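A.B. asks: Sharing a model that was predicted from the sequence below.
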Amino acid sequence: LYFTNTNHPEPTKSIAINPFSIMLKYLRKDEMRSFLLSLFFLGIGGFIVVSSLSLFMNTVFWTTGSVYGYILAVSWVISAFNMWYLVPKFRTKWFTHRQLIIWTHIVLIAWYWFLGTIHNYTLFVLLFYATWLLGGIYMPVYNAHIMSHAKPWEVGELSGMLGGAQSLFMFVGPLLW
């Protein structure tokens with residue numbers, strides 16, 4: 001469907017098949033580079049932690065993989081509540097995107113370290129959920145902040161690249177671990 005508020009089709013412009021060339025294009029832009037790099041490293045680190053917690057819990061608390069699956073299921077409910085209510089009604093109204101990004105990095109790194117040192121199961125699960133509550137905001141906040149630096153005709157391409165980057169995190173994070 002063709003809407004009047006979209007960009008007009010440009011038959012001379014080809015669709016890029018290589019996602020890495022698009023990533024490099026935006027990494028070359030000074031106003032986006034630091035945010036894209038920190039998004040990539042935080043995303044890969046987050047997926048390393050999520051993929052390794054099952055093994056950690058099995059070693060420290062003698063739980064099974066299914067217990068970790070249930071914990072993750074509850075964390076997705078927390079994430080949905082976070083996206084539905086906390087982000088639009090509280091977090092983005094009281095804090096700037098830059099403040100949320102900085103606090104997300106500081107708190108997540110500290111909380112991930114604490115998760116690795118806790119040997120009380122209840123405290124571990126509570127801290128994991130608190131981490132998930134804060135960690136669930138970094139992707140939409142990064143997206144909004146990075147998109148604010150894009151030109152109107154770049155938004156679709158940049159949005160697709162950020163979605164592809166998240167898929168890449170899900171592959172590279174566990175692979176590195």
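C.D. replies: Here it is on my side, so go on. All figures in this text were calculated on a predicted structure; none of them were measured in a lab.
A.B. asks: which residue is nearest the middle of the protein?
C.D. replies: Closest residue to the average C-alpha location of the chain: residue 139 at 3.7 Å, with C-alpha atoms, centre = their mean.
A.B. asks: Can you name every helix or strand that the helix or strand hosting that residue contacts?
C.D. replies: In the assignment (DSSP states H and E), residue 139 maps to helix 138-147. Contacts defined by 3 or more C-beta pairs under 8 Å, 6 or more residues apart in numbering; DSSP states H and E place helix 138-147 against helix 30-61, helix 97-117, helix 155-176. The C-beta positions use only the backbone N, C-alpha and C, and glycine is treated the same way.
A.B. asks: mean confidence score for it?
C.D. replies: Averaging pLDDT along helix 138-147 gives 79.
A.B. asks: okay, it in CSV with CA atoms only?
C.D. replies: Extracted C-alpha coordinates of helix 138-147, given in CSV (Å, rounded to 0.1, in the frame of the first residue of the first chain):
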residue,chain,number,x,y,z
TYR,A,138,17.5,-0.1,27.3
MET,A,139,16.4,-1.2,23.9
PRO,A,140,13.4,1.2,23.4
VAL,A,141,15.4,4.1,25.0
TYR,A,142,18.4,3.4,22.7
ASN,A,143,16.1,3.1,19.7
ALA,A,144,14.3,6.4,20.5
HIS,A,145,17.6,8.2,21.1
ILE,A,146,19.3,6.9,18.0
MET,A,147,16.3,7.5,15.9
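A.B. asks: Show me how far it is from its chain's centre.
C.D. replies: Relative to the chain's own centre, helix 138-147 is displaced by 9 Å; criterion: C-alpha atoms, centre = their mean, to the nearest Å.
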